[in-house]
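Predicted model and sequence follow; I will ask about them next.
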Amino acid sequence: MRNAFKAYDIRGVYNKDFNGNDVYKIGFFLPQLLGAETVLIGHDVRVSSPEILEFFAGGSPMPVPMCTLPVNAQPR
């Protein structure tokens, strides 16, 4: 998981560089880290995206439909 963290994002191959448990933990702690009540998350067309979204949203962020990247997000 350590190799997946970059300067401005998290990148890697799902189930190689990070797994569902890692994604859940990020989703759980991200709102607190950002000082936000709600964090919206989107996904792209990759085959692994729906599964990653499911783990991430299980932590608490609110999923949104498939979207283009990058998406500018502002904490509420």
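On my side now, so go ahead.

Quick one: the helices in this structure, in order.
Here the chain has its helices, by DSSP state H, at 20-34, 49-59.

Of those, which is nearest residue 42?
Closest to residue 42 of the helices of the chain is helix 49-59 (Cβ to Cβ; 8.3 Å). From N, CA and C alone the C-beta is placed, and that goes for glycine too.

Can you give me the pLDDT of residue 47?
Confidence at residue 47, expressed as pLDDT, is 89.

rewinding a little: can you list the helices of the chain in JSON lines and add mean neighbour count and distance to residue 42?
Shown next, in JSON lines, are those (neighbours: other Cβ atoms under 10 Å; distance: least, Cβ to Cβ, whole Å):
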{"stretch": "helix 20-34", "mean neighbour count": "15", "distance to residue 42": "13"}
{"stretch": "helix 49-59", "mean neighbour count": "17", "distance to residue 42": "8"}
